[in-house]
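# Provided below for reference: sequence and predicted model.
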Amino acid sequence: MKNVVIAGFARSPFTLARKGALARVRPDEIAGQVVKGLLERTGVDAADIEDVIVGCAFPEGEQGLNVARIIGFLAGVPIGAAATTVNRFCGSSMQAIHQAAGAIQMNAGEVFICAGVENMTRVPMGGFNPMPHPGLYKEYPEAYVSMGITAENVAKKHGISRKEQEEMALESHRRAAKAQADGKFDDEIVAIVDGNQRIDRDGCIRADSTLEGMAGLDPAFDKAGTVTAATSSPLTDGASATLVCSEEYADAHGLKKIARIRSIAVAGCKPDFMGLGPVPATEKALKRAGVKLADIDVIELNEAFAAQALGVLRESGMDFAKTNIDGGAIALGHPMGATGARITGKAAQIMVREGKGLSLATQCIGGGQGIATVMEAC
Amino acid sequence: MAIEKVAVIGSGVMGAAIAAHCANAGCQVVLLDIVPKGAENRNALAEGAVQKLLKTKPAPLTHSRNARRIATGNLDDNLDLLADVDWICEAIIENPDIKQSLYGKLEAVRKDGSIITSNTSTIPLGRLAKGMPDRFQADFAITHFFNPPRYMRLFELVAGPKTRPDAIADLRAFADVRLGKEVVDCKDTPGFIANRIGIYWSWIALSKAIDLGLSVEEADAIVGKPMGIPKTGIFGLADLTGIDLAPHVNASMLALLPADDAFCQAYDAKHPLATTVERMIAEGYTGRKGKGGFYRRVVKDGAKRTEVLDIASGEYRAERKPDLASVKAARKGLRALVEHDDKGGAYAWAVLSHVLSYAASLVGEIADDIVSIDLAMKTGYAWKYGPFEQIDQLGAKWFANRLAAEGRPVPAILKKLGGGRFYKEEGTRALYYALDGSYQDVPRPEGAFLLADYKRGRSPVAGNRSASIWDIGDGVACLEIHTKMNSIDPDVVAMLKTASKIDKQGFKALVIHTDADNFSVGANVGIAIFAANAAMWPLIEGSISEGQSTMLALKYAKFPVVAAPAGMALGGGCEICLHADAVQAHVESYMGLVEVGVGLLPGWGGCKELISRALANPKRPGGTMPAISTVFEAIATAKVATSAEEARDLLILRPSDRVTMNRKRVLADAKARALELAANYAPPEPVDIALPGPTGQAALSMAVEGLVHQGKATAYDGVVSGEVARVITGGDTDITETISEKALMKLERDSFMTLIRNTQTLDRIEHMLTTGKPLRN
C-alpha cells in the first residue's frame, strides 16, 4: 500500500467571533486565501490535485453550496480537480485528511487539499434553522445535549475542580503567548487580506490572563457548575489547510514531507460525555499503528474545554508536558471545521521542529465521538 | 427654508445629546469640537462623544443605528463640513467671548440663509450678538434645550431684535414637528423662563428645608408627589443634576439679575446650604456622578443601603422613612397641604408662597403670557402643574389674601385677577387669563390637538366607565381608554367591540388614542386572579375568547383602524396595536408583549400576529426558525422596545407604520392617516402560514433548557416559555400544512388556560399586583 504524507500546512490567523478582525470576512474567502497560500508555499503542481476536501461543522449559508468547490474556485485550483465538503462537526477537517489518506491507499488520487473552515460569527453554532427530531429529543435528549453541559459532566465524573481547569487554561494561554512571541506561528499563518486590511495575527490569545481574573467569572452553562468562559475554547473564525499526498508523489516532485500518517481512527462514545471521545479513538489508532502511548513524543489534543481535555489526560494517561506545547484551543480558538487540519498539521510540524519520531493528533466531537491520527517523522 | 442638515458645535453632554436627538429626527448631523491639546486623534472629543451616546442611559438615541447619522470632526480641520448646513447649534462653554470668537469663524464658512443659535442657559442674546455683523444678527437666535434633550420636551426660543422672522419660523417648525419639542417663546432675560424660576425654586426649596428643620427625606417627601414634582424631590434632584452645578448657576444668575430681584434677595452665601454645598464639592460629594450627594449608596455588612446627609452635623446616617401627616393630607389637594399645621405644611407654604409669587411677578417680563410659563415649568422641570395652575388649585384669592395677611407683597397680576381663575373652560373652549385682563383661547401649535380639545363641552358617541368613543371630526371616531393606567377590563373590550361597528353610526375610520401618559399597560390581571381564585375557569376562557374576537373584529372591520400609542403599550395594549391597520406611534412609545412576567402568554392574538409578521418579513434569512426564534425571544423574555424605532426591530411596528415626534401631534397625525386609509379601504385578507410544529418546539425547548441550566431562567420560566414555544411553532402542525389565524388563536387560548390554572402563575400575578414587580419563581 502507498504511504501517505502531509506535505504542507497553513492556516489563517484565528480571531474571536464577532469581535475579531475576521468577523467581517466570509468563510469561503478566508479558506480560499489559505488554500491559495498553501499552494504557493508548497509549490505543488495544482494540476495534479484530485480533490479539494473541506471540513465544516455547519455547512450552510456562506458555508453552504458545497463550500469546498467555492473555495477551490477562489483559490485558483484548476477546474479539473473535484471538491467535497465533509461534516463530522469539530472533527471535520481531520476527517478530510482521513478521507484523502483512504483514497490514496485505494489508488484513487495522488494529491489532495484537506482543509477546514468555520466562521462562527457568520454561521451560528447550531445553524440557522435548528430542527431537532422531536421524538428523539423526548426519548433521548442526550442526542442534542449542549456542549457546555458535556464538559460539566466530564468535570463531575473525574472530580476536576474549577481551579484545575483555570490552571490549565492559564497554561494554554501562557504557552500560546510564548509561541507567538517566539515567532512559532509565523510559518503556518497565511495573512488574510480584506480590502485595505491585512490580518496576520492570532486574536484569541490572552497573554495577560490571570487566575484572579478567571476566578471572578460566573459559570457559563450551569449556574451550579465549574465551567466558565475562561475554561472553554472561544467562538472563533478561521480556516486551515494541509496538503496530503502519496509519499511517492512527494518524492518524485520534490515536495517537502512533514510527516507520514501511520494510522487513523474514529470512535463513538456517550453523547453527554462527548469530551472523552479522544480516549477510545486514540486507543484504536495506537493499536493500528502498533505503538504505545508512551512511544508518542508529541500530542495535539484539542481543548474544547479545559475540563474535557483534563478528563482525556486523566483517562488515557497522556502527559500534559508533551501535549499542546504551543498552546491549545482555549488560547488559540476553535473554529470548529478548521481545528482538525490545524492540530494534525501542528502535531506534524512540532515533530519536525523538535526532532521527534511519533506524534498524535486527536479531538472530541459533538454527539459523542472521537477522532485520532498517529504520524511519524519522514 | 426647511431645516434638513444640522451641525452642533461642542460635544459635551448637552451638545452630543442635541446632536443625537437631531439624528433621531432623521437629520444628517455634523458634530464638531476643538482639537484636544497634544491629541493624536484630532477628532477625539466628538468621536468619543458619539461612542458615549451609545452607552448612556437613559438612551439619548431612539435607535443605536441613528449614531451613524452623526459625522464627527474638529473645529480646526473640518469647518468645511458646515458649508451646506441649514442650522448650526452652538453648545460650547458658557463664556460670551469664546462664543463670539467661534461665531466669527462660523460666519466665514456657513451658507447664506443658514441659522446659528446658541444653547446658552443664562447668557442673554443681546450680549452674544453685540458687535457682531448684521448678517450674523439676522440669522442668530437662542434655542435652549433641557437635559436630557430626547426626553425633556421644553425648547426655549429667544429671538433678537434683528433676527429674521422666517428664521424663527423655521426653528419653531423644526423643533415642534421634527424634534417633537414644546416650543416656548421667551424674552431675552437671564435664565429665560424655566431656569429663572427653577433656580430660584431650587434655592428656596433647599434652604427653607434647612431653615424649618426638615430632614432631607422629609423635604423630598413634600417637594415630590404632593407638590406634583418627580419623586426625586428637591435634594434628590440636586444629586441627579450634580451638586457642583449649583454654585455656577447661582453665581451666573446673581451676576445677571438686578440686586432687587427676589433671587438676589433670598440668596445668602453664608447660609448653611451654601457652606454645606461648598464642603461637599471639596470632598468629592458632587452627587450621583461623584461619591454621592445628599444621599449616598454604601455597602455595609455586605448589603447595599442608602445613607442620608444630616446637614446640621455634616455626617451621613441611615435613611429614615419620613412620617409627616401633611403628606397624607396632601391627597386632598395642594390647599390641604399648605394649610396643614405640621412642619411639612409650613414648609410647603414657604416654598409655594415664594415660588408662585415670584412666577406671578414675572409675567410680562420673561414671557407674554402665563401659558408659556406653565408650559416651560411642566416640560422643562417636569412639574405636573405650572405655577398658575397651582395658584388656581390653591384658589387665587385665598393665595393673595394669605400673602397680604402675612404682610408680604401681592403680585400685580394676582391683584388684578381678584376672585377669578387663571384658567377656565367655557363650552368647548379652554381659556387663560391674559395680561390685559381678558380671557383668551389656550393656544395650540397649528395642526396640533389633544383628545381633550374634542371632549371639552361635548358628550361621547358611546361610552362606559372604562372607555369612550368620541367624534373627532371628518367622519373619524376616537376610542379612548380611561381606566387606571389604562388597563383593559371587560368594559374596555366591550367598547372596542362597539367601536368595531362604528361605521354603522356613519364613521369612516377609527383611531384608538388617549391623552393619558400611557396608551395601555395591558389587561387588568386583578380581575383574572379574582376569577382564578374562585376557579371560574369558563369566565376566564370566555374573556380570552371575547378579547380574541374583538381583536379580529377590529382587524377585519369594514373601515380602517389606526392605533396611536404613546408611553407604555404593553401586553393587551400592544395586542390592540398589532391588530390595527396602521400604527401612528409617538416616538416615546414603549411597546412589548410582557405577559410572561405574570406567568402568562399573549392570549389576544399577540403570538399569532408576531409570528405571522416574522414569517412574512422579507428581510429574514431562510427557513422558519430564524423568524420563530426572534418572536420567541421577544415574547419569552418580555422584551419592551424603548422607543417606537426599536419597536420596528421587534416587528411590533411594520415598515408602513409611522412615528410622530411631538406628543401633541400624535392624534392629528393618526387622524390624517386614518382618513388617508379610508379612501378606497379594503380590509386585510386573513393569512395562512406554515409552521414547523413539534420540530420547532423541540429546538426552542433545547435553548430554554440551556438558559435554565445557566441560571438565566427559572424552572417556571421554562414552563411558561414552553407554552409560548408551543403556540408560535403551531402546536401539532407540520411544515407541509398551513395553519389559520383562528387555529393559532385557539392555541393561544388553550395555553393561556393551562398557565392560569397553575398556582405559580397566580403567584406571579399576585406579586405583580402587590409589589408592581415581576416574581422570578
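Happy to help now that I have it.
# Look up how far residue B:717 lies from the one residue in the stretch 601-750 of chain B that gets nearest to chain A.
As assessed by C-beta to the nearest C-beta, chain A sits closest to residue B:711 within the stretch 601-750 of chain B, at 2.9 Å. (Each C-beta comes from the backbone N, C-alpha and C, glycine too.) According to C-beta to C-beta, to the nearest Å, residue B:711 stands 11 Å off from residue B:717.
# Between these two, tell me which one has more neighbours.
residue B:717 (19 against 14; other C-beta atoms under 10 Å in any protein chain shown).
# Spatially nearest residue to residue A:230, not counting backbone neighbours?
residue A:214 (4.1 Å; C-beta to C-beta, 6 or more residues apart in numbering or on different chains).
# quick one, what contacts residue 231?
Reading this off chain A. The neighbours of residue A:231, taking C-beta atoms under 8 Å, 6 or more residues apart in numbering or on different chains as the test, are A:162, A:165-166, A:168-169, A:214, A:305-307, A:330.
# could you do chain B instead?
Per C-beta under 8 Å, 6+ apart, neighbours of residue B:231: B:224-225.
# ok, 6 Å please
residue B:224 (C-beta atoms under 6 Å, 6 or more residues apart in numbering or on different chains).
# What segments of the stretch 101-250 of chain A are helices?
A:134-139, A:147-158, A:162-181, A:211-215, A:247-253 (DSSP state H, counting those that start in this stretch).
# Save those as TSV, and put in mean neighbour count and mean pLDDT too.
What follows is the helices of the stretch 101-250 of chain A, written out as TSV (neighbours: other C-beta atoms under 10 Å in any protein chain shown; pLDDT from 0 to 100):
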stretch	mean neighbour count	mean pLDDT
helix A:134-139	14	94
helix A:147-158	23	97
helix A:162-181	20	97
helix A:211-215	13	95
helix A:247-253	17	97
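# show me where the stretch 551-700 of chain B has strands.
For the stretch 551-700 of chain B, the strands defined by DSSP state E, counting those that start in this stretch occupy B:561-563, B:567-570, B:582-586, B:589-592, B:658-660.
# between those, which gets nearest to chain A?
Smallest distance to chain A across the strands of the stretch 551-700 of chain B (C-beta to the nearest C-beta): 24.6 Å, for strand B:589-592.
# count of residues packed around the residue in the stretch 101-250 of chain A positioned nearest to chain B?
Nearest residue of the stretch 101-250 of chain A to chain B, counting by C-beta to the nearest C-beta: residue A:223, 2.9 Å away. By the criterion of other C-beta under 10 Å, residue A:223 has 12 neighbours.
# so what's the residue nearest to the spatial centre of chain B closest to, chain neighbours aside?
The centroid of chain B falls nearest to residue B:151 when counting by C-alpha atoms, centre = their mean (5.4 Å). Once flanking residues are discounted, residue B:151 sits nearest to residue B:58: 6.5 Å by C-beta to C-beta, 6+ apart.
# measure the one you found to chain A for me?
From residue B:58 over to chain A the distance is 26 Å, taken as C-beta to the nearest C-beta, to the nearest Å.
# Using the three-state scheme, assign that residue.
coil (DSSP: H, G, I helix; E, B strand; the rest coil).
# Quick check: phi and psi on it?
phi -60, psi 150 (degrees, to the nearest 10).
# That one: neighbour count?
Neighbour count of residue B:58, defined by other C-beta under 10 Å: 8.
# swap in the one 3 residues further on?
Here the count is done by other C-beta under 10 Å, and residue B:61 has 23 residues near it.
# What about the residue lying closest to it once chain neighbours are set aside, how many residues nearby?
The spatial neighbour of residue B:61 that comes closest, neighbours along the chain excluded (C-beta to C-beta, 6+ apart), is residue B:20 at 5.0 Å. Close neighbours of residue B:20, defined as other C-beta under 10 Å, add up to 29.
# avg pLDDT for the helix or strand in which residue B:20 is found?
Element membership for residue B:20, per DSSP states H and E: helix B:13-24. Confidence for helix B:13-24, expressed as mean pLDDT, is 97.
# Mind checking what helix or strand follows it in sequence?
Following helix B:13-24 in sequence, per DSSP H and E, is strand B:28-33.
# Tell me the strands beside that following strand, with direction?
Strand B:28-33 pairs in its sheet with strand B:5-9 (parallel), strand B:70-74 (parallel), by DSSP bridges.
# ok, residue B:107 to residue B:31 distance?
Distance, residue B:107 to residue B:31, by C-beta to C-beta: 20 Å.
# So which of the two has more stuff around it?
residue B:31 (31 against 14).
# and chain B, which of its residues are near chain A?
Neighbours of chain A within chain B, by C-beta under 6 Å from any C-beta of the partner chain: B:621, B:623, B:625-626, B:694-695, B:698-699, B:702, B:706, B:709-711.
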